[in-house]
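J.: Predicted model and sequence below, questions to follow.
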Amino acid sequence: MTLAFPNNARSYDEARKRVRFSGHDGMFEVYFFVAGEVLRANSSSRTASEAEYLASFDALKPRILKAAQAAYKANCAQTIHLDLDNFR
């Protein structure tokens, strides 16, 4: 099966400063977490708000989905963490 992202939902995890979203490989749900450092790299602020993290995620969404597909292809895990290394 191919990894797909039919659900546009994403949520911010304040405690861990990351954004969570999911994808599907057939009937299997895959959880992705984008580190705050990835989202802050798009901002000049060192302390971003929830709205700023989500706006940054939305602005970077094509790159994030591409990185998510590559990370999933390399490691077909149910949970995948995306950090700056995934975007180099």
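T.: Cool, the structure landed. Worth saying up front: this structure is predicted, and the values here are computed from it rather than measured. Numbers count the residues shown, from 1 in each chain.

J.: how about the residue nearest the centre of the chain, secondary structure?
T.: The C-alpha lying nearest the average C-alpha coordinate of the chain belongs to residue 34 (C-alpha atoms, centre = their mean; 3.6 Å). Assigned by DSSP: H, G, I helix; E, B strand; the rest coil, the conformation of residue 34 is strand.

J.: surely it meets residue 82?
T.: Yes: using C-beta atoms under 8 Å, residue 34 makes contact with residue 82 at a distance of 4.9 Å. Where C-beta positions appear, they are placed from N, C-alpha and C, glycine not excepted.

J.: overlap in contacts of the two?
T.: Counting by C-beta atoms under 8 Å, 6 or more residues apart in numbering, the contacts common to residue 34 and residue 82 are residue 64.

J.: In terms of secondary structure, what does the longest helix belonging to the chain contact?
T.: What stands out as the longest helix in the chain, according to DSSP state H, is helix 50-74. Counting contacts by 3 or more C-beta pairs under 8 Å, 6 or more residues apart in numbering; DSSP states H and E, helix 50-74 is packed against strand 3-4, strand 10-13, strand 18-25, strand 28-35, helix 36-40, strand 79-82.

J.: Worst mean pLDDT among those?
T.: Per-stretch mean pLDDT for the helices and strands packed on helix 50-74 is lowest at helix 36-40 (a mean of 90).

J.: Just the buried positions in that helix, please.
T.: Going by neighbour count (16 or more other C-beta atoms under 10 Å), the buried part of helix 36-40 is 36, 38-40.

J.: Out of these, which is nearest to residue 28?
T.: residue 38 (24.4 Å; C-beta to C-beta).

J.: Go ahead and confirm the closest one touches residue 83.
T.: Yes: at 6.5 Å, residue 38 counts as touching residue 83 under the criterion of C-beta under 8 Å.

J.: Can you tell me the closest non-neighbouring residue to residue 9?
T.: Nearest-residue entry for residue 9: residue 21, 6.9 Å, with adjacent residues in sequence omitted and distances by C-beta to C-beta, 6 or more residues apart in numbering.
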